[in-house]
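# dropping the sequence and predicted coords here.
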Amino acid sequence: KTEVALFVAPGPKELITVEKICQEVGMETLVVLLNARLSAVSNFGSAATAELFLGKFESVFSLTAGPQDAAPGCLLYRAYPGRWVVARKPAVGQPK
């Protein structure tokens, strides 16, 4: 019996395999995707795969650039179970 399955940097093709493994091992197995960058995947191959990764997986840690058109220079941060935080580097002037 598999208790934990860890996948490092899976791309869109590997996510299809991960989905099959998830179906095989069931809900008794913890599945960890490290650096999966799910928000950057434009085609999951099927609606079921997209639903699995976008609807059922929970981000437990994230540090990423915010949408630069709406929030230039901002970062988004979250550590589960905390809230999402938007951070912006303050402007730094000339040394005094």
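Structure's in. What do you need?
# number of nearby residues for the residue nearest to Val60 when sequence neighbours are not counted?
Leaving aside its sequence neighbours, Val60 sits nearest to Tyr80 (CB to CB, 6 or more residues apart in numbering; 3.8 Å). The way it works is simple: take the backbone N, C-alpha and C, and place the C-beta from them, glycine included. Per other CB atoms under 10 Å, the neighbour tally for Tyr80 reads 9.
# so Tyr80 makes contact with Phe61?
Yes - using CB atoms under 8 Å, Tyr80 makes contact with Phe61 at a distance of 6.8 Å.
# between those two, which contacts overlap?
With contacts defined as CB atoms under 8 Å, 6 or more residues apart in numbering, no residue is adjacent to both Tyr80 and Phe61.
# low-confidence ranges in the chain?
Where the chain drops to pLDDT under 70, the residues are 96.
# so what's Ala65 up against?
Ala65 sits next to 74-76 when contact means CB under 8 Å, 6+ apart.
# which of these fall in strands?
Using DSSP state E, 74-76 are the members of those that sit in strands.
# out of those, who's nearest Val41?
Comparing those against Val41 with CB to CB places Leu76 closest, at 17.4 Å.
# based on its surroundings, how many neighbours for the closest one?
The number of residues packed near Leu76 is 15, by other CB under 10 Å.
# so Gly26 belongs to a helix, correct?
Yes - membership of Gly26 in a helix is supported by DSSP: H, G, I helix; E, B strand; the rest coil.
# that one: neighbour count?
For Gly26, the neighbour count with other CB under 10 Å is 9.
# again with Pro10
Around Pro10 there are 19 residues (other CB under 10 Å).
# mind listing what's buried in stretch 57-67?
Gly66 (16 or more other CB atoms under 10 Å).
# equivalent analysis for stretch 6-18, please.
By neighbour count with 16+ other CB under 10 Å, stretch 6-18 contains the buried residues 7, 10, 15, 18.
# also stretch 41-61?
Within stretch 41-61, judged by 16+ other CB under 10 Å, the buried ones are 41, 44, 49-50, 52-53.
# and Arg37, what is it in contact with?
Arg37 sits next to Ala9 when contact means CB under 8 Å, 6+ apart.
# what distance do you get for it to Pro12?
According to CB to CB, to the nearest Å, Arg37 stands 10 Å off from Pro12.
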